[in-house]
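Peer 1: kindly return the folded structure for what I paste below:
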Amino acid sequence: MNHPGPPPPSTLHTPGFAHYSLAWSPFHTSRLAIASSANYGLVGNGRLHLATVLPPGVGLAGPPPLNLDKFYATQDGLYDVAWSEIHENQLVSASGDGTLRLWDVTLNDLPIKSWHEHTREVFSVDWSNVNKELFASASWDGLVKIYTPTHSHSLTTLHAHSACIYQALFSPHHQDLIATTSADGCVKIFDLRLVSSSLPNTTMTSSTGFNTPLTVPALTIPPTSFSGGGGGMGPGGGGPGVGGGEVLTIDWNKYRPFVLASAGVDKVIRVWDCRMVKTGPQPTSSSESTASGGQILYPPTPTTQLSGHEYAVRKVQWSPHRADVLASASYDMTCRVWSTSPSPPSPQHQNPLLAIHDTHTEFVVGCAWSLYEDGVLASCAWDGRVCVYRG
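Peer 2: Okay, the predicted model is just below:
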């Protein structure tokens, strides 16, 4: 007996602009914001698109239409966007020229506020849904900055990594915790209560262009230390540690306060329980590598590893409706949905793929779950298309 497949997605095409990120409004059930760039974000201007998933037409077949409501033009490409948690019509964008801009969708053309404190591309912006006054930016200059819309300058600066930072996310459970990921292969968690709001006078810029010394994190999940680790081939591939190479994306679980997921160039999605991460000197063995200072650091083991993507994973996001469901977007041009529920006999090496969405024709770099409708997932890609999947 043949079972009907999933319904076709709602789609929106914006020719000439590759999409980098998208976000659902926390106030309006069907409103989307999309950060986009001309020429794949390498050079040229950007656009902030606003779209709405319209109700299904009466008597019309097919998926609900996805309507482009308006867009804002910017001089540099846009890499990320986040909706305000306190104002239904405001959102902030992250730009390639190091600028953050605050927009009001009831106004046309120009932002209502901007901040230009980063010296390189701002690749991530996140609005805290616990302390709703704060949002954070992460940049390729190695810095994370904390802002509030009412101040013209950042409140706090974290010298988080000596490499490009790809993402910084507030914990959805603890207002003072923020997780970061970087080209250095590490995932770090910072406790803002332990970070001074003023920059140390001893801060220097190294020959690599990054600031030293670094802000001390509350927890670091180091990259793979075992030789041959991080290959990501087959279920459970990649070995202990964050993985081989750059970690491009992280996300906090919405139901489990100490659980987060990470993924990157080694194609493996890893799930971590921060309470189980053990770091520090360990007994020496021939398979371990020596860290700076002569210590032997034993890389922690994730609780779950998910393999299946054929190229780097650019985005992961936990479902806001189910504690064990995770979506991912990859350079293999697919958006995938996974279950992290243990399945005997080897829960650490499961590969419970629930769905593969392969409607895009270029790198899929963003995905986001609807905050109001269970099972509704949006993706965006360098083909200039946004797709909204149901079921």
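
Peer 1: middle-most residue in this protein, spatially?
Peer 2: Within the chain, the residue whose C-alpha comes closest to the C-alpha centroid is residue 249; the distance, by CA atoms, centre = their mean, is 4.5 Å.

Peer 1: could you say which helix or strand holds that residue?
Peer 2: strand 247-252 (DSSP states H and E).

Peer 1: what separates that strand from the chain centre, distance-wise?
Peer 2: Taking the mean C-alpha point of strand 247-252 and that of its whole chain, the gap between them comes to 5 Å (CA atoms, centre = their mean, to the nearest Å).

Peer 1: how much space between residue 124 and residue 323?
Peer 2: From residue 124 across to residue 323, the span is 24 Å (CB to CB, to the nearest Å). C-betas here are computed from N, CA, C, even on glycine.

Peer 1: neighbour-wise, which of these two wins?
Peer 2: Neighbour count, other CB atoms under 10 Å: between residue 124 and residue 323, residue 124 has more, with 24 against 15.

Peer 1: so that one sits against residue 80, correct?
Peer 2: Yes: with contact defined as CB atoms under 8 Å, residue 124 counts as touching residue 80 (5.2 Å).

Peer 1: quickly list what's touching both of those two.
Peer 2: Here residue 124 and residue 80 share the contacting residues residue 94, scored by CB atoms under 8 Å, 6 or more residues apart in numbering.

Peer 1: re the thing from before, what sits against the residue nearest to the centre of the chain?
Peer 2: Remark: with contacts taken as CB under 8 Å, 6+ apart, residue 249 is in contact with 166, 167, 181, 262, 263, 264, 313, 314, 315, 316.

Peer 1: and for the fifth one, the neighbour number?
Peer 2: It refers to residue 263. Counted with other CB under 10 Å, the neighbours of residue 263 add up to 30.

Peer 1: partner residues bridging it?
Peer 2: Here residue 263 shows beta-bridge partners residue 249, assigned using DSSP bridges.

Peer 1: same question for the last one.
Peer 2: In this entry, residue 316 is beta-bridged to residue 328, by DSSP bridges.

Peer 1: report the contact partners of it.
Peer 2: Under the criterion of CB under 8 Å, 6+ apart, the contact list for residue 316 reads 249, 250, 251, 261, 262, 263, 269, 326, 327, 328, 329.

Peer 1: remind me which residues of the chain are low pLDDT?
Peer 2: Counting by pLDDT under 70, the low-confidence segments of the chain come to 1-5, 57-61, 196-212, 224-244, 278-299, 342-351.

Peer 1: the strand or helix carrying residue 336: partners in the sheet, and parallel or antiparallel?
Peer 2: Using DSSP H and E, the element containing residue 336 is strand 335-339. Paired strands of strand 335-339, with direction, are strand 325-330 (antiparallel), strand 353-357 (antiparallel) (DSSP bridges).

Peer 1: which one of these lies nearest to residue 187?
Peer 2: Of all the strands paired with strand 335-339, the one in closest proximity to residue 187, counting by CB to CB, is strand 325-330 (15.8 Å).

Peer 1: now the closest one, how far from the chain's geometric center?
Peer 2: On the basis of CA atoms, centre = their mean, strand 325-330 is displaced by 11 Å from the centre of the chain it belongs to.

Peer 1: repeat for stretch 356-366
Peer 2: Put simply, stretch 356-366 sits 16 Å off its chain's centre (CA atoms, centre = their mean).

Peer 1: give me the contacts around it.
Peer 2: Residues outside stretch 356-366 that contact it (CB under 8 Å, 6+ apart) are 9, 11, 18-22, 314-315, 329-337, 377, 379-383, 385, 387, 389.

Peer 1: write the PyMOL selection for whichever of those residues are buried.
Peer 2: Buried members of the contacts of stretch 356-366, identified by 16 or more other CB atoms under 10 Å, are gathered into one PyMOL selection as follows:
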select buried, resi 9+18+19+20+21+22+314+315+329+330+331+332+333+334+335+336+337+377+379+380+381+382+383+385+387+389
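
Peer 1: contacts only, for residue 90.
Peer 2: So, once contact is read as CB under 8 Å, 6+ apart, residue 90 ends up touching 83, 84, 102, 103, 104, 105, 112, 149.

Peer 1: one more: residue 143?
Peer 2: For residue 143, the contact set (CB under 8 Å, 6+ apart) comprises 118, 157, 158, 159, 160, 165, 211.

Peer 1: how many residues are close by residue 151?
Peer 2: Here the number of neighbours of residue 151 (other CB under 10 Å) works out to 12.

Peer 1: gap between it and residue 33?
Peer 2: The spacing between residue 151 and residue 33, counted by CB to CB, is 23 Å.

Peer 1: please apply the same query to residue 12.
Peer 2: Residue 12 sits 12 Å away from residue 33 when distances are taken as CB to CB.

Peer 1: shared neighbours, those two?
Peer 2: For the pair residue 12 and residue 33, residues contacting each of them under the criterion CB under 8 Å, 6+ apart are 49, 51.
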